[in-house]
Every structure is written in structure tokens, then in C-alpha cells.
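J.: How does the following fold in three dimensions:
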Amino acid sequence: MTVLRGLGLLLVFLLELAVLAIGARWGWALDAPTAVRLLAAIAVPLLLAGLWGVLGSPRAPVPLRPPAKRAFQASWFVLGGAMLVLLGQPWLGLALVLVWVAVTILLRRAP
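T.: Numbers count the residues shown, from 1 in each chain. Sure thing, here's the model as predicted:
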């Protein structure tokens, strides 16, 4: 593995973790009583992490074919971007998706 590929994989991993944090922030920002907001801030990232563990991770117990896996991963980052838009941060949402797209393209072309 080249250094560039390793850095790209690290960046994708950090972006995946960022989506979990965005999910927590989105849950906390709901217009609901504090108890519901706290529950959502905990439950949303847990649900996302569970979905990633089952479908998106390299060692997922439910193996998806490459096109389905790419679609799942794309929807993961689009969801993260959409949550940022709902939080009033459309440029950050766009940046999240565009950085993921750029790194993914670079990783597919890297040796």
C-alpha cells in the first residue's frame, strides 16, 4: 500500500466518523423536549454505526456486491451532507460530499 493510498483511506475513515458526529448533532438539534433530543443524539449515531457495521464496513456480515456497496457508501455521505444542510450548514454538507467523492476517485485510480 502506498502512502497516498493509506492517507486516502484514513481520510475516508475520518469522514465516516464525522457522519456519526453529525448524526449526534442533528439529533440534539431536533425541535423536541430535552429528553427526546438526548435520546436522538445517542440513537442516531448508534443506528448509523449499526448500519455501517452490517452493510458498509470491509468486514460486513452482510456482503454487498460492489455496486450496492458503493451505493450504500454514497448514500451514507449524502445523508451526512443532508443533515448538515438541515443544521444550517449547506456549504459544509456540500464539502463533505465533494471531499468524499474526490478521495474515492483518487483511491480507485491509485495503485
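
J.: residue farthest from the centroid of the chain?
T.: Farthest-out residue of the chain from its mean C-alpha position, per Cα atoms, centre = their mean: Pro33, at 26.5 Å.

J.: Quick one: neighbours of Leu96, just the number.
T.: Leu96 has 22 neighbours, counted by other Cβ atoms under 10 Å. For the C-beta atoms, the positions are set from N, CA and C on the backbone; glycine is no exception.

J.: contacting residues around the nearest residue to it once chain neighbours are set aside?
T.: Excluding the flanking residues, the one nearest Leu96 by Cβ to Cβ, 6 or more residues apart in numbering is Gly81, at 4.9 Å. Residues near Gly81 by Cβ atoms under 8 Å, 6 or more residues apart in numbering: 93-94, 96-97.

J.: Out of the residues you listed, the closest to Leu64 would be?
T.: Distance to Leu64, by Cβ to Cβ, is smallest for Val97 among those, at 20.4 Å.

J.: Next up, identify which helix or strand that closest one is on.
T.: Val97 is located in helix 90-109, with elements delineated by DSSP states H and E.

J.: Now do the buried residues in that helix.
T.: Neighbour-count burial for helix 90-109, counted by 16 or more other Cβ atoms under 10 Å, picks out 92-93, 96-97, 99-100, 103-104.

J.: Using CSV, write out every CA atom in it.
T.: Extracted in CSV, the C-alpha atoms of helix 90-109 (Å, rounded to 0.1, in the frame of the first residue of the first chain):
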residue,chain,number,x,y,z
PRO,A,90,-25.1,23.8,3.4
TRP,A,91,-21.6,24.6,2.4
LEU,A,92,-20.2,22.1,5.0
GLY,A,93,-22.6,19.5,3.7
LEU,A,94,-21.5,20.1,0.1
ALA,A,95,-17.9,20.0,1.2
LEU,A,96,-18.4,16.7,3.0
VAL,A,97,-19.8,15.0,-0.1
LEU,A,98,-17.3,16.6,-2.5
VAL,A,99,-14.3,15.6,-0.4
TRP,A,100,-15.6,12.0,-0.2
VAL,A,101,-16.2,11.9,-4.0
ALA,A,102,-12.7,13.3,-4.7
VAL,A,103,-10.9,10.9,-2.3
THR,A,104,-13.0,7.9,-3.6
ILE,A,105,-12.0,8.7,-7.2
LEU,A,106,-8.4,9.1,-6.2
LEU,A,107,-8.4,5.8,-4.3
ARG,A,108,-9.9,3.9,-7.3
ARG,A,109,-7.2,5.3,-9.5
